[in-house]
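Engineer: could you look at this predicted model? Sequence included:
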Amino acid sequence: MESPPINYLRDVHHALNASLAPSRLSINDHMRDHLCDILRSTPMLVHKRDIVPMKELDIQEVMNDYLQAFYPSFVKESKIARTSIRQWLPDCGIKDLGVAIEFKYANSDNDAMQQFCEILEDAGGYSGSKYWARFIVLIYLDAPVLNGIESQC
């Protein structure tokens, strides 16, 4: 669901933060905040395209379009080389912000737990990267709450 008044207030809040506190928050901080806003809108953006997601790629394709439109430094399949033997491949990234993004899809409690385990495994590979300082995981759940875990950025 979308609320135009709340969206408007969120935009005003971001603008006031950017203009009133430049020494406290950088433009990259605001761009990362906006990225989280876009990612929180994933269910609405997927729904507006009349897509019933069945797998991770369904969500990823929709979000790639939006992220690419807003962030000029958007890249697909950014590589994180930790060793000469192993590379981690997040689904996409925003180079200027140093943010790697991974999309996950879960349609049951067991599937959600499996996704959380995969995230924990990947977190070690993503940490310490020279170019990707932040790692965001978006887990798209068929239900808004599974076992009391809310879907949040």
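Structural biologist: Looks like it came in fine.
Engineer: only C-alpha atoms from now on, for both contacts and neighbour counts.
Structural biologist: OK.
Engineer: any chance you could map the strands in the chain?
Structural biologist: Taking DSSP state E as the test, the strands found in the chain are 74-76, 80-81, 87-88, 92-94, 99-106, 134-141, 145-146, 149-150.
Engineer: where along the protein do the helices fall?
Structural biologist: 4-20, 27-40, 42-48, 56-70, 109-126 (DSSP state H).
Engineer: TSV for the ones you listed, including mean neighbour count and mean pLDDT?
Structural biologist: Listed next are the helices of the chain as TSV, based on neighbours: other C-alpha atoms under 10 Å; pLDDT from 0 to 100:
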stretch	mean neighbour count	mean pLDDT
helix 4-20	12	72
helix 27-40	15	88
helix 42-48	15	92
helix 56-70	16	94
helix 109-126	15	79
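Engineer: tabulate those helices (TSV), appending distance to residue 96.
Structural biologist: Putting those into TSV (distance: least, C-alpha to C-alpha, whole Å) gives the following:
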stretch	distance to residue 96
helix 4-20	18
helix 27-40	8
helix 42-48	22
helix 56-70	12
helix 109-126	17
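Engineer: which stretch among those helices comes nearest residue 103?
Structural biologist: Evaluated over those, closeness to residue 103 peaks at helix 56-70, with 6.3 Å, by C-alpha to C-alpha.
Engineer: and the angle from that closest one to strand 99-106?
Structural biologist: Interaxial angle, helix 56-70 versus strand 99-106 (axes from the mean of the first three to the mean of the last three C-alpha atoms, to 10 degrees): 150 degrees.
Engineer: which helices and strands does helix 56-70 pack with?
Structural biologist: Counting contacts by 3 or more C-alpha pairs under 8 Å, 6 or more residues apart in numbering; DSSP states H and E, helix 56-70 packs against helix 42-48, strand 74-76, strand 99-106.
Engineer: dump it to PDB, restricted to CA.
Structural biologist: Listed in PDB are the C-alpha atoms of helix 56-70, where the atom choice follows Å, rounded to 0.1, in the frame of the first residue of the first chain:
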ATOM      1  CA  GLU A  56      14.300 -14.300  -6.100                       C
ATOM      2  CA  LEU A  57      14.900 -13.300  -9.800                       C
ATOM      3  CA  ASP A  58      11.300 -12.000 -10.100                       C
ATOM      4  CA  ILE A  59      11.900  -9.500  -7.300                       C
ATOM      5  CA  GLN A  60      15.500  -8.700  -8.500                       C
ATOM      6  CA  GLU A  61      14.400  -7.900 -12.100                       C
ATOM      7  CA  VAL A  62      11.800  -5.300 -10.900                       C
ATOM      8  CA  MET A  63      14.100  -3.700  -8.400                       C
ATOM      9  CA  ASN A  64      17.000  -3.500 -10.800                       C
ATOM     10  CA  ASP A  65      14.900  -1.300 -13.100                       C
ATOM     11  CA  TYR A  66      14.100   1.100 -10.200                       C
ATOM     12  CA  LEU A  67      17.700   1.200  -8.800                       C
ATOM     13  CA  GLN A  68      19.300   1.600 -12.200                       C
ATOM     14  CA  ALA A  69      16.900   4.600 -12.900                       C
ATOM     15  CA  PHE A  70      17.800   6.300  -9.700                       C
END
